[in-house]
Each structure stands twice: as structure tokens, then as C-alpha cells.
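Enquirer: Mind folding the following:
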Amino acid sequence: MGAATVFSELKRREASGEPIQVGLIGAGAMGLGIAHQIGRTPGMRLSFIADKSGDAAREAAHLYAKPTHVATDGVAALNDPAIPCDVLVEATNSIVAAFGYCMAAIEKGAHCVLMNAEIDAVLGYLLRDAAARKGVVVTSDAGDQHGVLARMAEEVEMWGFDIVQAGNMKGFLDRYRTLEGSVEIASSLRLSPEQCLAYTDGSKLNIEMSLIANERGLTPRVSGMEGPKAERVEQVLDLFDFDGYGGKAHVDYILGARQHGGGVYVVARSDDPFQRHYLDYYKIINRAPYCVFFRPYHLCHFETPRAIAMSALYGRSVLDLRGGRMADCYAYAKRALSPGDRITHAIGSDEVYGLIMSVEEADADNLVPQGLLDIEESDERPVVRRAVERDQPLTWDDIDMPDTRLLELWRQQEKLLAGT
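Expert: Here you go, the predicted structure:
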């Protein structure tokens, strides 16, 4: 579906007075951008904006600059029959609360666009199953790096190439950064310290790469991916042993490519000498049989309206985890942990960081998915049962896990994936 086709339909909807009605929950850095962007996209209206902070919701409404309903209770807004909603954009960084918002939207018959990689990675299959039974779509956002990669990989495959690697470009990484060390830069970026830390320590990268892995049926070659340092994306063909992949495709990233910070790339293979001539002619980075296609940016909120339109107009998702649960992001000790230590927070934490692993390998080692250690609904926290050295993965035997709503939902999803 071409962008021109989508945009033409949106302009037709604008002219006919039939805009897509969008609900937005979450008015943080991304939510504010989404509100602003929808206000400038023809054929769309924000029917409501909700955030637990009334001030944040009102700021988003100001940026939207058109009449809308402002709320502090997203579920109540979705349950209000007077507020229409064709598509919900979930833009919080919660998991359990986000699940509730999305389920309320699905019950209302609304599609869900997830500008929230955490809920997408942890409970995405459960949400998509509920949506399918209601005839609606749950999709990753079009502007997050995994969404951009999904679109790129589909196009590259359509050209007749085999996907070898789906890659991310990360500018900076510090696995041991703390919340205290994140406060100043978080404030400048309009992020919470936890969000900022999840970017800095690599947890967010690993979560997002697990999503594209599960969309395309890929795995990381090693725990946490290889992530070699690179000044430019052109170095990718020198930095990885693609012949050693053994015909498999993987997810990975390069570190320090400031030339294209925030970009993504796809390494593909073509054994067709006719095509290689044209790759040279088109000045595509290549060394037979491999070539690199890259996008030097991802534009987050700018691209969210595309995901909204694709779901509302055509019932299509940008990314729907169609490759199966191949990989997940697992908790590793950020510092030496002692018996009695509490995991106060998981994604953006002083205690753990997250690394992607193949599910088969992680399950065999009894490892704990990072997201399950985040507890929102009570003051209870996972407690370390036995000493864990820094940089070691946490196993289920290493912690006492409280019985939480998140754990209950996770078990439901496990049964779903097992077909029971």
C-alpha cells in the first residue's frame, strides 16, 4: 500500500467529514509529538487525550490545537459511548496498565497502535489474539525502529533478495549507567529517568530488536547481539561474518555510527549477477553476494499516522509478530546482587539491564524475561534469593517473584503460544 494511496484516502476523508477518530493514552515525549502530528494530518481527529497527569494531557491538547476530550482515566474515556474511537495509540511505558487500555479499546472495536515497545514485547501475542477475535488489529508503531525495519525488510524481500540481517544503529551504550546518572539528560530530552536509562543501557534496543526478530523469524547470533563499533554504516560488510551465518538470518546492531544515529539497515543476499550490475549502477553498498540497504533515520511520531491509517483504512498492521516467539529480552545483573536485594525497577533499572536471546536457549537456561520484573500494581518487588555476579543472567531460581497480575497474564500468553 503506497504512501500516496494512504494519503489520498486521508484527504478524501477530510473532505467528506469522515475522519479517523483516534484516542491517545500517554502524553510523555512521544505522546506530545503524536498529538501535534495528528493535529496536522488530514483525515484524522483526536477524540480524546488521556494521561494520569492532567497537566500533561492538557499540554498535549494544546499541541493538538483542535477540540478534544482531555482525561486522566484512559479506560473511562474508552468506555464512554459519547467518545468515538476507531484507533487507540498506546504511548505510555507501562505494561499492565497498557494491557488494560488496549483491552478496553479492543472491546470497543478499536484498533491499537503500540508506541510502547514494552507491552508489545511482553504481552503482544495475548493482545493480538484478543484483537483477532474482535476483528481488529494490534500493531507496532510505524516510526519505531522495529516498525521501520519491518517495512524495509518486506520491500527488500519483494525485490527478490534474501534477508541476512536486520540491523539497528546505536550511537551510545553504557550498560552500567544508573538512574542517578540519567536525571540531567532525561530532563533535557523530556523523558523520565527510567526511560532515558533504558535507552542508555541498551535495554530498549534489545527489546525492540526482539520485536523485529519475532516479526521476521530471526534470532540474535549471540546473547545481546554482536554490536561491533562502526563509524559508518558502510562498514557493516567488514564487521560481520555473514558467510558464518550458515544460511540463517539474524538481528544485530552497530555502535557509534553517529553519521546515521537512530537509523536502521538491512543486509541482504543476491546471487544474481544481473542484479549485481545494477547494484553497482545504483551505488548500493555491496560486496557479492551481500548488499546493504539503510535508512539513516527513524522519525517516531512523524510516522505514527501511517500505522493509524493502515489499521483503520485497510485492517493491516505494520508489525504483528508473525514469525513466532523466536527471541525475547532477558534480565542481566547490572551490579553484583546479594540475597535480599530488591529489583525496584526492571526496564531502566539500577539492578538489571536487558539482553536479547533466542527463546530456545533462554528457556533451556531457565532465564527470566526482563519485563516480568517490572511491577506496577503494588509495592511488592522481586527479591534476590541467591548471589548473582555482575553481567550474569537472572534465572527463576535466583529470585522470589511475587504473584502479580503481569505474571498471571504472562502465563495466559504461554498457554496461548503452546496451543493449550
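
Enquirer: So which bits of the helix-or-strand element of the chain with minimal mean pLDDT are buried?
Expert: For the chain, scoring each helix and strand by mean pLDDT, DSSP states H and E identifies helix 183-189 as the least confident one, at a mean of 88. Buried residues in helix 183-189, counted by 16 or more other C-beta atoms under 10 Å: Ala186. (C-beta placed from N, C-alpha, C; glycine too.)

Enquirer: List the buried residues in the helix or strand just after that helix.
Expert: Next along the chain after helix 183-189, taking DSSP states H and E as the criterion, comes helix 193-200. For helix 193-200, the buried set under the neighbour-count rule, 16+ other C-beta under 10 Å, comprises 193-200.

Enquirer: Using CSV, lay out those residues together with pLDDT.
Expert: Conversion of those to CSV gives the following (pLDDT from 0 to 100):
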residue, pLDDT
Pro193, 93
Glu194, 93
Gln195, 92
Cys196, 94
Leu197, 96
Ala198, 96
Tyr199, 95
Thr200, 96
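
Enquirer: Can I get stretch 275-290 as PDB, trimmed to CA atoms?
Expert: Once non-C-alpha atoms are left out, stretch 275-290 reads as follows in PDB (Å, rounded to 0.1, in the frame of the first residue of the first chain):
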ATOM      1  CA  GLN A 275      21.200  -7.700 -10.200                       C
ATOM      2  CA  ARG A 276      24.800  -7.100  -9.000                       C
ATOM      3  CA  HIS A 277      25.500  -5.000 -12.100                       C
ATOM      4  CA  TYR A 278      22.500  -2.800 -11.200                       C
ATOM      5  CA  LEU A 279      23.500  -2.600  -7.500                       C
ATOM      6  CA  ASP A 280      26.800  -1.100  -8.700                       C
ATOM      7  CA  TYR A 281      25.000   1.200 -11.100                       C
ATOM      8  CA  TYR A 282      22.600   2.400  -8.300                       C
ATOM      9  CA  LYS A 283      25.600   2.900  -6.000                       C
ATOM     10  CA  ILE A 284      24.300   0.500  -3.400                       C
ATOM     11  CA  ILE A 285      26.900  -0.700  -0.800                       C
ATOM     12  CA  ASN A 286      27.600  -4.200  -1.800                       C
ATOM     13  CA  ARG A 287      30.200  -7.000  -2.000                       C
ATOM     14  CA  ALA A 288      28.900 -10.100  -3.700                       C
ATOM     15  CA  PRO A 289      26.800 -11.700  -2.700                       C
ATOM     16  CA  TYR A 290      25.800  -9.200   0.100                       C
END
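
Enquirer: Use 19 as the first number from now on
Expert: In the new count, where the first residue is 19, that last one comes out as stretch 293-308.

Enquirer: Could you export the buried residues of helix 211-218 to CSV, including columns for distance to Ala327?
Expert: Compiled in CSV, the buried residues of helix 211-218 are given as follows (distance: C-beta to C-beta, whole Å):
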residue, distance to Ala327
Pro211, 34
Glu212, 31
Gln213, 27
Cys214, 30
Leu215, 33
Ala216, 29
Tyr217, 28
Thr218, 33
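
Enquirer: which one of the residues you listed is nearest Leu434?
Expert: For Leu434, the closest of these turns out to be Ala216, at 26.6 Å, with distances computed as C-beta to C-beta.

Enquirer: ok, that closest one touching Ile365?
Expert: Yes. Counting by C-beta atoms under 8 Å, Ala216 does reach Ile365; the two are 5.0 Å apart.

Enquirer: Overlap in contacts, these two.
Expert: Common neighbours of Ala216 and Ile365 (criterion: C-beta atoms under 8 Å, 6 or more residues apart in numbering): 222, 225.

Enquirer: Next, give phi and psi for the closest residue in space to Cys120 that isn't next to it in sequence.
Expert: In space, not counting the residues next to it along the chain, Cys120 is nearest to Cys130; the distance is 4.8 Å by C-beta to C-beta, 6 or more residues apart in numbering. Backbone dihedrals for Cys130, given as degrees, to the nearest 10, come out at phi -130, psi 130.

Enquirer: And the pLDDT at Cys130?
Expert: We have a pLDDT of 98 for Cys130.

Enquirer: Surely it is in contact with Ala123?
Expert: Yes. At 5.4 Å, Cys130 and Ala123 qualify as touching, with contact defined as C-beta under 8 Å.

Enquirer: Find residues that contact each of these two.
Expert: Jointly contacting Cys130 and Ala123 under the rule C-beta under 8 Å, 6+ apart are 106, 108.

Enquirer: name the helices or strands packed onto the longest helix along the chain?
Expert: The longest helix of the chain (DSSP state H) is helix 135-152. With contacts taken as 3 or more C-beta pairs under 8 Å, 6 or more residues apart in numbering; DSSP states H and E, helix 135-152 sits against helix 114-126, strand 129-132, strand 156-158, helix 221-234, helix 423-436.

Enquirer: wait, what's in contact with Ser210?
Expert: 46, 111, 204, 366.

Enquirer: contact partners of whichever helix or strand Gln55 is part of?
Expert: In this structure, Gln55 is located in helix 47-56 according to DSSP H and E. Taking C-beta under 8 Å, 6+ apart as the criterion, the residues outside helix 47-56 that touch it are 40, 42-43, 45, 62-64, 67, 69, 74, 77-79, 81-82, 107, 109-110, 133, 207-209, 213, 318-320, 322-323, 326.

Enquirer: would you turn the contacts of Ser210 into JSON lines with distance to Arg239?
Expert: What follows is the contacts of Ser210, written out as JSON lines (distance: C-beta to C-beta, whole Å):
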{"residue": "Gly46", "distance to Arg239": "34"}
{"residue": "Asn111", "distance to Arg239": "29"}
{"residue": "Ala204", "distance to Arg239": "32"}
{"residue": "Gly366", "distance to Arg239": "26"}
